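Colleague: Build me a model:
(one chain, ligands or ions: 1)
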Amino acid sequence: MTQEEVFKALVAHCKEYGFIFPSSEIYDGLAAVYDYGQLGVELKNNIKNYWWNAMTRLNENIVGIDSCVFIHPKTWVASGHVAAFNDPLIDNKDSKKRYRADVLIEDYLSKIEEKIEKEVEKGRKRFGDGFDEAKFRATNPNVLREKARYDEIHARYVKAEAENDLAGYKQIILDCDISCPVSGTKNWTDVRQFNLMFSTQINNTGNADDKIYLRPETAQGIFVEYLNVQKTGRMKIPFGIAQIGKAFRNEIVARQFIFRMREFEQMEMEFFVKPGTEMEWFAKWKENRMKWHVNIGMGAENYRFHDHEKLAHYANAATDIEFRFPFGFKELEGIHSRTDYDLGNHAKLSGKKIKYFDTETGESYTPYCVETSVGVDRMVLAVLSNSYKVEQLENGESRVVLSIPAPLAPVKAAVLPLVKKDGLPELAQKVVDELRYDFNFQYDEKDSIGKRYRRQDAIGTPFCITVDHDSLVDGTVTVRERDTMAQERVKIEDLRALIDKKVNINNLLRNL
Ligand code: GAP
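Modeller: Purely as a prediction, here's the structure:
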């Protein structure tokens, strides 16, 4: 299967097994809006717990809050979102479809990268064991030609982005012969800026002053509560405020499943530091956050940093942690050094003094801020896409397995009586009672044991516990491990400890 086919299969799998549904599908759905089903919400909660505990339990100087989606509209003027939270958009005159100009160009660049990789793969196959990849990349004429094309377009793209040159974007689209995926034509409008914030009225009087925005990032809720938390928590700089919550953006590119949604969830932490120390903290948080990701166990090679060439309006340094999604390396988390931009502007616009007084040095200053911001939904997609596998088995059959890292798996164990008689369901219930308070489990007595194993593999359950006739005699059960399918006999009273060792999120936290 191609990567595209695998991705389509994953999306179908997520729906079939109750992870993720297109929102309000009975009305034909709503573009770029998804609901989490019974298993999706468990996975999401596990990811959120891992993040929340890593932030607030492992760092004594980080506390959490939960601020509102609605914030005073002046917040978004101060933060710069009213003036500058825009995407460059272009319309195709024939299909009437609207696209992000930068995304059209990035997709085009990704295709060139794919061509280069295909060329390298061909070389690998042709030369076998003696293949020298570095030499091949440096000398193969096809690779060199594509690389030169990539570099030329990429340089123009970076320049257009840095200078906010809308005509420059359009010229690249024309020069690269990029056509509309729907109409197939190159009949493009000019590129225009489009603000991404959703707005509504708070009092329904129709008065323009009632306009209020749905927050496009959770961070501002932290900045407007900075003083309250600092004072009531007697926080000393450096300290952080963490928050998990919904954010809303009127995204134009509605595709790639839950990668880019209009309603999504962020896990953000704003770390307040003394001005002049922000680069040191920026480096520390880069390292800390990469460690958090790699610790999940999905392969260090699937992550990389991407330092920003164009900085957001509030940043003096920024990097993304990118993950290898099925459609290539893409942003999973953003880490920004936001200077005193936010607190400084909120102080100006509100007229309130937002300063930190250092009792040791007697200094008073506006703190600088280093932010880490990761999308919950992108984490879910990273985990699911990395875990989804179709495996050929020795007996000629195949199985679909989600090898979700056990601490994040939605269901930790399934309890399966071998048959529905002879007292096995009753003993299985005793096993369930043993596990109920510690783990999310499923009880299943329907169909053959093989079918039940497959059902659990498909939702990523790390352990299947089979209760059979021997269990009645010696009090042991068969424990089957999801990835290796290895089976062992375990005493019922030892089950809890065995499962806990693998699935407890605290074990992940201990490795950080
Ligand atoms: N406060 C900084 C901020 O919001 P961002 O890079 O725009 O920065 C941070 O967003 C993270 O939020 C991204 O790395 C991504 O994981 C997630 N995110 C952003 N837009 C998203 C969208 N439309 N759908 C899903 N996740 C999104």
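Colleague: Spatially, which residue comes closest to residue 261, not counting chain neighbours?
Modeller: Leaving aside its sequence neighbours, residue 261 sits nearest to residue 32 (Cβ to Cβ, 6 or more residues apart in numbering; 5.0 Å). Placement of C-beta: from N, CA and C, glycine included.
Colleague: Show me the contact partners of the strand or helix carrying residue 51.
Modeller: Taking DSSP states H and E as the definition, one finds residue 51 inside helix 38-56. Contacts with helix 38-56, where a contact means Cβ atoms under 8 Å, 6 or more residues apart in numbering, come from 14, 17-20, 36, 62-64, 240, 242, 244, 265, 267, 269, 292, 296, 374, 376-377, 379-380, 383-384, 404, 407-411, 440, 459, 505-506, 508-509, 512.
Colleague: restrict those to contacts with the ligand.
Modeller: 374, 377 (Cβ under 6 Å from any ligand atom).
Colleague: follow-up on the earlier one: for the residue nearest to residue 261, grab the count of nearby residues.
Modeller: 23 (other Cβ atoms under 10 Å).
Colleague: what ranges of the protein fall below the confidence cut-off?
Modeller: Where the chain drops to pLDDT under 70, the residues are 204-208, 253-254.
Colleague: which ones are touching whatever residue of the stretch 301-450 of the chain ends up closest to the ligand?
Modeller: Closest approach between the stretch 301-450 of the chain and the ligand, counting by Cβ to the nearest ligand atom: residue 375, at 2.5 Å. Each residue near residue 375 by Cβ under 8 Å, 6+ apart is listed here: 264, 265, 266, 267, 332, 333.
Colleague: What sits closest to the first one if chain neighbours are left out?
Modeller: It stands for residue 264. residue 377 (4.9 Å).
Colleague: Repeat that for the last one.
Modeller: If the residues on either side of it in the chain are set aside, residue 333 comes closest to residue 374, at 3.8 Å by Cβ to Cβ, 6+ apart.
Colleague: and that neighbour, which of the three is it?
Modeller: When classified by DSSP: H, G, I helix; E, B strand; the rest coil, residue 374 comes out as strand.
Colleague: Would you check that it makes contact with residue 266?
Modeller: Yes. Judged on Cβ atoms under 8 Å, residue 374 makes contact with residue 266 at a distance of 7.2 Å.
Colleague: how about residue 261, phi and psi?
Modeller: phi -120, psi 170 (degrees, to the nearest 10).
Colleague: That one: what's it in contact with?
Modeller: Listed by Cβ under 8 Å, 6+ apart, the contact set of residue 261 reads 32, 33, 34, 251, 377.
Colleague: burial of the second one, as a residue count?
Modeller: This points to residue 33. Neighbours around residue 33, by other Cβ under 10 Å: 15.
Colleague: ditto for the third one
Modeller: Residue 34 sits with 25 neighbouring residues when counted by other Cβ under 10 Å.
Colleague: Same check on the last one?
Modeller: Residues within reach of residue 377, counting by other Cβ under 10 Å, total 22.
Colleague: mind checking which helix or strand residue 279 is in?
Modeller: helix 278-294.
Colleague: In the following helix or strand past that helix, which residues are buried?
Modeller: Per DSSP H and E, the first helix or strand lying C-terminal to helix 278-294 is strand 303-307. Using 16 or more other Cβ atoms under 10 Å as the test for burial, strand 303-307 gives residue 303.
Colleague: and the angle from strand 303-307 to helix 278-294?
Modeller: Relative orientation of strand 303-307 and helix 278-294, computed by axes from the mean of the first three to the mean of the last three Cα atoms, to 10 degrees: 160 degrees.
Colleague: Parallel or antiparallel, list what pairs with strand 303-307.
Modeller: Using DSSP bridges, the strands paired with strand 303-307 are strand 317-325 (antiparallel).
Colleague: what angle separates the next helix or strand after the partner strand from helix 278-294?
Modeller: Per DSSP H and E, the first helix or strand lying C-terminal to strand 317-325 is strand 328-339. Counting by the same axes, to 10 degrees, strand 328-339 lies at 150 degrees to helix 278-294.
Colleague: can you list the residues of the protein near the ligand?
Modeller: With Cβ under 6 Å from any ligand atom as the criterion, the chain meets the ligand at residues 217, 219, 249, 251, 260-261, 264, 266, 268, 331-334, 371, 373-375, 377-378.
Colleague: on that earlier part again, so the residue nearest to residue 264 sits in a strand?
Modeller: No. Read with three-state DSSP, residue 377 is helix and lies in no strand.
Colleague: Now do the same contact list for it.
Modeller: When contacts are counted by Cβ under 8 Å, 6+ apart, residue 377 is found next to 34, 44, 258, 259, 261, 264, 265.
Colleague: Among those, which one has the most neighbours?
Modeller: Neighbour tally across the contacts of residue 377 (other Cβ under 10 Å): the maximum, 25 neighbours, falls on residue 34.
Colleague: dump the residue contacts of it.
Modeller: In this structure, residue 34 makes contact with 20, 21, 22, 23, 257, 258, 261, 377, judged by Cβ under 8 Å, 6+ apart.
Colleague: cool, and residue 348?
Modeller: By Cβ under 8 Å, 6+ apart, the contact list for residue 348 reads residue 78.
Colleague: Just say helix, strand or coil for it.
Modeller: Secondary structure, three-state DSSP: residue 348 is helix.
Colleague: Compute the distance between residue 279 and residue 504, please.
Modeller: In this view, residue 279 and residue 504 are 36 Å apart by Cβ to Cβ, to the nearest Å.
Colleague: hang on, I meant residue 404
Modeller: Remark: distance between residue 404 and residue 504 (Cβ to Cβ) = 15 Å.
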